[in-house]
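*Asks:* What would the 3D arrangement of this be:
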Amino acid sequence: MAELNSPLVLGDLHLKNRVIMAPLTRSRATDDRVPTAMMVEYYAQRASAGLIISEATVISEQANGYLNTPGLFTDAQVEGWKQVTQAVHGQGGLIVAQLWHVGRVSHPDLLNGEIPVSASAVQQAGQVSLLRPKRDYVLPRPLDVSEIKAIVEQFKQAAIKAKAAGFDGVELHAANGYLIDQFLQSSTNKRQDEYGGCVENRARLLLEVMDALIEVWGAGRVGVHLAPRGDEHDMGDADPRETFGYVMQQLGQRKIAFFFTREYLADDSISDYLKQRSGGVPYIANMKLSRADAIELLASGKADAVSFGRAYIANPDLYARLVKNAPLNELVFENMIGTQVAEGYIDYPFLNTDSIAG
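*Replies:* Numbering: from 1, shown residues only. Next up is the predicted model:
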């Protein structure tokens with residue numbers, strides 16, 4: 001029976017425990033999207049996790065939708081991330097890079113005046129996160145096929161840079177209404193070409209990018225991040241079981257390292273179904289999990305690992321606290337995103353000085 005402290009093999013990744021740090025955008029990079037010294041300390045503090053999935057990291061300047069999120073498309077960014085990965089490895093941890101293109105979840109003010117791109121010209125409801133004064137999302141521009149091919153290549157180049165930066169693998173961000181998700185889900189993909197219509201076409205970009213990442217890393221060091229509920233950034237799909245089930249069937253044939261779903265536990269959750277369709281690809285559960293949820297998911301075999309987001313913000317030694325059933329620090333929302341101060345970032349207390357090593 002698997003427990004929180006049970007070791008786990010995800011493809012070619014050998015984890016010391018089954019508690020995963022979920023990707024968490026904190027907007028602490030420089031204006032040029034270079035990781036900072038504070039980011040080095042932040043990740044090193046949390047290296048007792050079985051695996052760290054880095055915050056979402058853009059593959060080009062045109063891929064961004066937020067200020068001060070890190071990138072993996074310049075040599076300076078590689079050098080910045082190298083300091084992070086070395087620090088994590090120095091504490092006995094593993095870290096993979098989450099690669100990201102936001103698509104329509106952006107604004108011309110963040111793109112040097114350019115219109116955000118997407119699968120189709122479907123405008124997102126709501127207002128752009130973190131930009132002030134507040135402004136509505138704009139109608140995106142559909143990508144043509146040559147541009148799609150260029151973005152696949154950008155993902156590949158980012159994967160190459162992730163290897164140069166010392167990461168242990170990569171995860172494709174195909175969730176939360178960002179570009180890959182915009183192609184995948186029927187509410188945002190109205191295309192009539194080979195990238196639209198049937199599920200095989202809508203999944204084409206995701207699979208092409210995954211194949212490019214596998215070419216760089218090998219399948220055993222590549223994972224994918226999915227959000228089958230479509231509950232972020234005005235998303236939705238006519239048949240999530242068909243859409244995401246097809247994706248997992250295809251990725252199972254490729255024998256990728258893991259899949260990660262952002263899906264809270266409920267009667268209509270489909271992550272267990274996706275696990276069945278995956279042909280044995282290990283599954284990382286996520287979203288609003290309690291300690292009891294995590295223990296039950298592992299004990300029952302419904303998930304191979306469990307991940308935490310906000311709890312890892314406030315508890316750098318979350319793994320130790322979960323194993324010991326110790327109280328958790330309270331999350332402080334002030335300074336959580338988009339500031340360069342240490343408070344609310346690297347100043348949360350540990351249970352003891354041995355917690356980092358796990």
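
*Asks:* Which parts of the stretch 51-200 of the chain are strands?
*Replies:* Remark: strands assigned in the stretch 51-200 of the chain by DSSP state E, counting those that start in this stretch are 51-58, 95-100, 117-118, 141-142, 170-173.

*Asks:* in a helix, that's where residue 9 is, yeah?
*Replies:* No: counting by DSSP: H, G, I helix; E, B strand; the rest coil, residue 9 falls outside a helix, being strand.

*Asks:* partners of the closest residue to it other than its chain neighbours in the sheet?
*Replies:* Excluding the flanking residues, the one nearest residue 9 by Cβ to Cβ, 6 or more residues apart in numbering is residue 15, at 7.3 Å. From N, CA and C alone the C-beta is placed, and that goes for glycine too. Judged by DSSP bridges, the bridge partners of residue 15 are residue 8.

*Asks:* want to throw the strands of the stretch 51-200 of the chain into TSV with mean neighbour count, mean pLDDT and distance to residue 287?
*Replies:* Below are those laid out as TSV (neighbours: other Cβ atoms under 10 Å; pLDDT from 0 to 100; distance: least, Cβ to Cβ, whole Å):
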stretch	mean neighbour count	mean pLDDT	distance to residue 287
strand 51-58	27	99	14
strand 95-100	28	99	16
strand 117-118	24	98	25
strand 141-142	17	98	31
strand 170-173	28	99	15
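
*Asks:* Using a markdown table, lay out the ones you listed together with distance to residue 301.
*Replies:* Formatted as a markdown table, the strands of the stretch 51-200 of the chain follow (distance: least, Cβ to Cβ, whole Å):
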| stretch | distance to residue 301 |
| --- | --- |
| strand 51-58 | 19 |
| strand 95-100 | 23 |
| strand 117-118 | 38 |
| strand 141-142 | 42 |
| strand 170-173 | 22 |
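
*Asks:* The residue nearest to residue 9 contacts residue 4, correct?
*Replies:* No: between residue 15 and residue 4 there is no contact under Cβ atoms under 8 Å: 11.5 Å.

*Asks:* nearest spatial neighbour of residue 17, skipping sequence neighbours?
*Replies:* residue 50 (4.1 Å).

*Asks:* try residue 241
*Replies:* Using Cβ to Cβ, 6+ apart, the closest residue to residue 241 is residue 270 (5.6 Å).

*Asks:* Quickly note the distance from the one you found to residue 126.
*Replies:* The gap separating residue 270 from residue 126 is 25 Å, by Cβ to Cβ, to the nearest Å.

*Asks:* okay, those two: which has more neighbours?
*Replies:* It is residue 270, of residue 270 and residue 126, that has more neighbours when counted by other Cβ atoms under 10 Å, with 19 against 12.

*Asks:* Show the contacting residues for the more buried one.
*Replies:* 228, 240, 241, 244, 245, 263 (Cβ atoms under 8 Å, 6 or more residues apart in numbering).

*Asks:* Tell me the confidence at the last one?
*Replies:* Here the pLDDT value assigned to residue 263 is 97.
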